[in-house]
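Undergrad: coordinates only, sequence not included:
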């Protein structure tokens, strides 16, 4: 209560003092919401990382993102965080941007809410690995504009294989560098042409001695070998900096005469040599081609084993592919041409018109090459130029990703799951059924009855190897929960695998021992399914 001053200055002062002593200021209310806190450390050394930028982003709920910097001890804290799931992302000098508990494209979201633990998190950042080196010739001179291809060997989409990671070129001093690499096993391959190389022309006079400048470089790997089976891999741990200097040695260039082309070469043709290095991954081999009468001359070819592709154009285009071994100047005969098979069809989406901008995609699993056929009026589509005999996966591309392939039927081709097998002969007609009706599976991964974070969760369809596009995966979040989206009707088994990230899960033989311990789900339409899965 306020006291009125009626006396002199002293009395008035006394009265105000008494009022101040008797009045209490109410405490400041606590900030609403929850906290997310922890500390950032190097995954390689465990050392705390100061001034790491940490971002907190909502995953499904509507809430503003937040960002802070870690202090000198690596600590970070977010206050006033609303309940829900949040993606935690961090980066620091020498550490590429990473998500919390990251495994490839997956990570664990932080679940925030009553009785949920969202503090004292340990964010382990993997330091960048680097591969660099210098490419030189036999004289020790730098080779500029050499192409360097980096391959990474490891688990890729459930299969252990070697894939192309990235490419770069050398500068004027022959230097190259690959930075921001995750730990793993790597190879590099170097392709180049000697700057002084000279070709003899399309048809040199008989008896003309070979020019000493008619030379080339074979594709060479990081330890100087030209044989991928003999190459020593570069094994990188977090933070490693590997130096791989490569010396290229010129060899006499060989000349290959290709006879028996099935069509008139004057209608146009294209030849390509490629060398298979790892798991079907091939690199193009530098060579030049020219028409010599009714044959084709390839110049600048190094010795080796190559895949040769010959495409002829005109009214009846053809495609020929064969393996050739080249050890000396030689003449080869073109293998029987594989004609392009006309492929067309119709697509329907739940009995309604297919959205404008939709394409049916046919992918060659061996090469990863796609052929896109835009869907036109009344759902009709045509693969421009047709396809060569082989196996293809069928899937769909739609605006805003609103549909999935539910089923495929064909005449002129064999259908197994999502694959079609084109063997040649009659034109192929496809009927592709699309749907936008799917279910969502929400669950929790449990070990000894308690939620477990960081687990790989996998939806396994029947006939896994022929239906890879039905597989769905997720990583359990900090509260052990997970979600599997866009699940099409069918019978599945849901698995929670603590060591799944290192498994060849696309092999039915690898997954089979775990199926009995999974949870069977039958999806019949739209809606949400809730399950609990034991971690194996």
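TA: That came through, no problem. Please read these numbers as outputs of a predicted model, since none were measured by experiment. Residues are numbered from 1 along each chain as shown.

Undergrad: what ranges of the protein fall below the confidence cut-off?
TA: Within the chain, the ranges that satisfy pLDDT under 70 run 1-32, 201-208, 261-268, 313-318, 335-339.

Undergrad: run the last query once more with 80
TA: Counting by pLDDT under 80, the chain has low-confidence residues at 1-32, 199-210, 260-270, 279-280, 289-295, 311-321, 334-340, 366-368, 385, 424-425.

Undergrad: Walk me through the domains of it.
TA: 34-125, 129-251, 253-339, 343-435, 439-534 (automatic domain parsing).

Undergrad: so how far is the second one from its chain's centroid?
TA: So the one you mean is domain 129-251. With CA atoms, centre = their mean, to the nearest Å as the basis, domain 129-251 stands 23 Å off its chain's centre.

Undergrad: Quick check: residue 466 touching residue 417?
TA: Yes: shown here, residue 466 and residue 417 form a contact pair, counting by CB atoms under 8 Å, at 3.2 Å. The way it works is simple: take the backbone N, C-alpha and C, and place the C-beta from them, glycine included.

Undergrad: Between the two, tell me which one has more neighbours.
TA: Between residue 466 and residue 417, residue 417 has the larger neighbour count (other CB atoms under 10 Å), namely 19 against 16.

Undergrad: Now do the contacts for the more buried one.
TA: The neighbourhood of residue 417, defined by CB atoms under 8 Å, 6 or more residues apart in numbering, consists of 463, 466-467.

Undergrad: now, among these, which is nearest to residue 247?
TA: residue 466 (46.8 Å; CB to CB).

Undergrad: Distance of that closest one relative to residue 415?
TA: Using CB to CB, to the nearest Å, we find residue 466 at a distance of 10 Å from residue 415.

Undergrad: Including distance to residue 46 and secondary structure, could the contacts of residue 417 go into a markdown table?
TA: Conversion of the contacts of residue 417 to a markdown table gives the following (distance: CB to CB, whole Å; DSSP: H, G, I helix; E, B strand; the rest coil):
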| residue | distance to residue 46 | secondary structure |
| --- | --- | --- |
| 463 | 45 | coil |
| 466 | 45 | helix |
| 467 | 43 | coil |
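
Undergrad: Adding distance to residue 90, write those residues out as a markdown table.
TA: Shown next, in a markdown table, are the contacts of residue 417 (distance: CB to CB, whole Å):
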| residue | distance to residue 90 |
| --- | --- |
| 463 | 41 |
| 466 | 40 |
| 467 | 37 |
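
Undergrad: List the residues that contact the nearest residue to residue 217 once chain neighbours are set aside.
TA: Of all residues not flanking residue 217 in the chain, residue 248 sits nearest, at 4.6 Å (CB to CB, 6 or more residues apart in numbering). Contact partners of residue 248, counting by CB under 8 Å, 6+ apart, are 135-138, 143, 146, 190, 192, 217, 220.

Undergrad: how about stretch 185-197: buried residues?
TA: Neighbour-count burial for stretch 185-197, with 16 or more other CB atoms under 10 Å as criterion, is recorded at 186-194, 197.

Undergrad: hang on, I meant stretch 60-70
TA: For stretch 60-70, by 16+ other CB under 10 Å, it's 63, 66, 68, 70.

Undergrad: Just confirm the last one contacts residue 42, I think it does.
TA: No: applying CB under 8 Å as the test, residue 70 and residue 42 come out as separate, 12.0 Å apart.

Undergrad: shared neighbours, these two?
TA: What both residue 70 and residue 42 touch, as defined by CB under 8 Å, 6+ apart, is the set residue 49.

Undergrad: what are the ranges of the helices in the protein?
TA: Ranges of helices within the chain are 9-22, 508-515, based on DSSP state H.

Undergrad: Identify all contacting residues around the shortest one.
TA: The contact list for helix 508-515 (CB under 8 Å, 6+ apart) reads 458, 460, 464-465, 493, 495, 497, 503-505, 536.

Undergrad: The buried residues of stretch 60-70: which two are farthest apart?
TA: 63 and 70 (21.8 Å).

Undergrad: Can you tell me how far the closest residue to residue 60 other than its chain neighbours is from residue 481?
TA: The shortest distance from residue 60 to any non-neighbouring residue, by CB to CB, 6+ apart, is to residue 85 (6.3 Å). According to CB to CB, residue 85 stands 8 Å off from residue 481.

Undergrad: what touches both of the two?
TA: With CB under 8 Å, 6+ apart, residue 85 and residue 481 have common neighbours residue 111.

Undergrad: one step back: adding distance to residue 51 as columns, could you present the buried residues of stretch 185-197 in TSV?
TA: TSV is the format used below for the buried residues of stretch 185-197 (distance: CB to CB, whole Å):
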residue	distance to residue 51
186	30
187	36
188	34
189	38
190	38
191	41
192	42
193	47
194	48
197	51
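
Undergrad: From those residues, pick the one nearest residue 310.
TA: Taking the buried residues of stretch 185-197 together and measuring to residue 310 by CB to CB, the closest member is residue 191, at 21.3 Å.

Undergrad: for the residue nearest to the closest one when sequence neighbours are not counted, what are its contacts?
TA: Computed as CB to CB, 6+ apart, the closest residue to residue 191 that is not its neighbour in sequence is residue 147, at 4.6 Å. Contact analysis of residue 147 by CB under 8 Å, 6+ apart lists 167-169, 190-192.

Undergrad: Report the beta-bridge partner residues of residue 147.
TA: residue 169, residue 191 (DSSP bridges).

Undergrad: got it, and residue 312?
TA: Assigned bridge partners for residue 312, using DSSP bridges, are residue 269, residue 318.

Undergrad: What's the local residue count around it?
TA: 22.

Undergrad: Distance of it relative to residue 269?
TA: With CB to CB as the criterion, residue 312 and residue 269 are 5 Å apart.

Undergrad: now swap in residue 252 and tell me
TA: Taken as CB to CB, the span from residue 252 to residue 269 is 26 Å.

Undergrad: higher neighbour count, those two?
TA: Taking neighbours as other CB under 10 Å, residue 252 and residue 269 compare with residue 269 leading, 20 against 15.

Undergrad: So the more buried one sits against residue 320, correct?
TA: No: counting by CB under 8 Å, residue 269 sits too far from residue 320 to count as a contact (10.3 Å).

Undergrad: shared neighbours, the two?
TA: Residues touching both residue 269 and residue 320 (CB under 8 Å, 6+ apart): 310-311.

Undergrad: so which of the contacts of helix 508-515 comes closest to residue 305?
TA: Taking CB to CB as the measure, residue 305 lies nearest residue 504 of the contacts of helix 508-515, at 27.7 Å.

Undergrad: With distance to residue 101 added, can I get the contacts of residue 147 in TSV?
TA: TSV is the format used below for the contacts of residue 147 (distance: CB to CB, whole Å):
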residue	distance to residue 101
167	30
168	30
169	36
190	37
191	38
192	42
